[in-house]
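Peer 1: sequence and predicted structure below; questions after.
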Amino acid sequence: MGIMAGAEPFEAEGGPTGVLLCHGFTGTPQSLRPWAEHLAAAGLSVSVPRLPGHGTRWQDMNVTRWSDWYGEVERAYQHLRTRCERVFACGLSMGGTLVLRLAEVHPDGVAGLVLVNPSLGTERWDVKYLLPVLHRTVPSMKGIASDIKKPGTAELAYDRTPLRAMHQLTRLWATVAADLDRVVAPMLIYRSRVDHVVEPLSGRLLMQGCGGCEITEHVLDDSYHVATLDNDAPMIFAGSVDWIPSGTAPSGTAPSGTAPSSTAPSSTTGVDRDDGTAGT
């Protein structure tokens, strides 16, 4: 089966700063396309790969492993490294997990991370205790796509969750969570206050594991899980341009029709939150 229309990878040649963006579990580059185009318009070199098994049919995911997904992220990163002086990595949901792994493997190579609702674990009893058995006999369950508050907006993703792939995701979580102390890259994190996909556990694991990193966190009050397509997307787009030093365009450069950032985040030692919470 061919690639879904709109699920194609995206690349844009720009200046000496590269940005790798990674989509989430069962999703496609479509969920990141507006963000990628905004970064490209600001003069950055941009790459959004399509992860193996994604963007075709859900059955294709069940014959992939998390190492296949990471391998595509690694390939895109190495390609950017050949033409850019520095590379930042951004990810949505599982895409955030994968770029965290990239920062663990390349602590001296990843200049910084921008994470939107990254996932690192679950407290759901069915995933923890039934999935290790069910994934061997049950091919799929109801999907998790399009958790978006904005009316009339949809994520291009599978309507089923492939369970063998879901089991691989739990293995990815365990691997990344165990090595979070290897991450030294500064982080800009966007977390939706209401997220029906990623649980608060993920935020706690990230903050505990990356306690020595420079972290700036912003809470999104008007978006659900797929925040890159939701009401707060302009804040993410402009904020990341302000945070990532392009070296080729003025800070905050934005394409026509996109709201500029009024609260540009700044790197700080430890954790800088904009909502006064302890973070979950």
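Peer 2: Received it, and whenever you're ready, just let me know what you need.
Peer 1: residues near the residue nearest to residue 245 when sequence neighbours are not counted, how many?
Peer 2: Of all residues not flanking residue 245 in the chain, residue 17 sits nearest, at 6.6 Å (CB to CB, 6 or more residues apart in numbering). Placement of C-beta: from N, CA and C, glycine included. Per other CB atoms under 10 Å, the neighbour tally for residue 17 reads 24.
Peer 1: from residue 171, how far out is residue 17?
Peer 2: Using CB to CB, to the nearest Å, one gets 32 Å for the distance from residue 17 to residue 171.
Peer 1: try residue 109
Peer 2: Note on residue 109: its distance to residue 171, by CB to CB, is 24 Å.
Peer 1: okay, these two: which has more neighbours?
Peer 2: More crowded of residue 109 and residue 171, by other CB under 10 Å: residue 109, with 15 against 12.
Peer 1: isn't the more buried one right up against residue 80?
Peer 2: No. Between residue 109 and residue 80 there is no contact under CB atoms under 8 Å: 10.1 Å.
Peer 1: overlap in contacts of the two?
Peer 2: Counting by CB atoms under 8 Å, 6 or more residues apart in numbering, the residues touching both residue 109 and residue 80 are residue 87.
Peer 1: pretty sure the residue nearest to residue 245 is touching residue 83, no?
Peer 2: No. Residue 17 lies out of contact with residue 83 (CB under 8 Å); the separation is 10.8 Å.
Peer 1: could you identify the longest helix within this protein?
Peer 2: helix 66-83 (DSSP state H).
Peer 1: give me the buried positions along it.
Peer 2: Buried residues in helix 66-83, defined by neighbour count with 16 or more other CB atoms under 10 Å: 66, 69, 70, 72, 73, 74, 76, 77, 79, 80, 81.
Peer 1: for the nearest residue to the fourth one once chain neighbours are set aside, give its distance to residue 122.
Peer 2: Residue nearest to residue 72 in three dimensions, not counting chain neighbours: residue 49, with 5.0 Å by CB to CB, 6+ apart. Taken as CB to CB, the spacing of residue 49 relative to residue 122 amounts to 25 Å.
Peer 1: got it, and residue 223?
Peer 2: Taken as CB to CB, the span from residue 223 to residue 122 is 21 Å.
Peer 1: cool, residue 89 as well?
Peer 2: Between residue 89 and residue 122 the computed distance is 23 Å (CB to CB).
Peer 1: more neighbours: which of these two?
Peer 2: Legend: neighbour count by other CB under 10 Å for residue 89 and residue 122, higher for residue 89 (31 against 18).
Peer 1: which residues touch the more buried one?
Peer 2: Residues in contact with residue 89 (CB under 8 Å, 6+ apart) are 19, 20, 21, 22, 77, 99, 102, 103, 110, 112, 113, 114.
Peer 1: closest to residue 232 out of those?
Peer 2: Nearest to residue 232 among those is residue 114, at 13.7 Å by CB to CB.
Peer 1: distance between the ends of stretch 195-204?
Peer 2: By CA to CA, to the nearest Å, the extent of stretch 195-204 from end to end equals 15 Å.
Peer 1: quick one: buried residues of it?
Peer 2: Buried residues in stretch 195-204, counted by 16+ other CB under 10 Å: 195, 197, 198, 199, 201, 202, 203.
Peer 1: narrow the residues you listed to those in helices?
Peer 2: Taking DSSP H as the definition of helices, the buried residues of stretch 195-204 contribute 201, 202, 203.
Peer 1: poorly predicted segments of the stretch 51-200 of the chain, please.
Peer 2: 125, 129, 133 (pLDDT under 70).
Peer 1: what about the helices in it?
Peer 2: With DSSP state H, counting those that start in this stretch as the criterion, the stretch 51-200 of the chain has helices at 58-61, 66-83, 94-105, 125, 131-134, 163-178, 200-209.
Peer 1: return the list of helices and strands in contact with the fifth one.
Peer 2: Judged by 3 or more CB pairs under 8 Å, 6 or more residues apart in numbering; DSSP states H and E, the packing partners of helix 131-134 are helix 163-178.
Peer 1: angle of the helix it packs on against helix 200-209?
Peer 2: Using axes from the mean of the first three to the mean of the last three CA atoms, to 10 degrees, the direction of helix 163-178 lies 30 degrees away from that of helix 200-209.
Peer 1: and helix 163-178 with helix 66-83, angle?
Peer 2: Going by the same axes, to 10 degrees, helix 163-178 is angled at 60 degrees with respect to helix 66-83.
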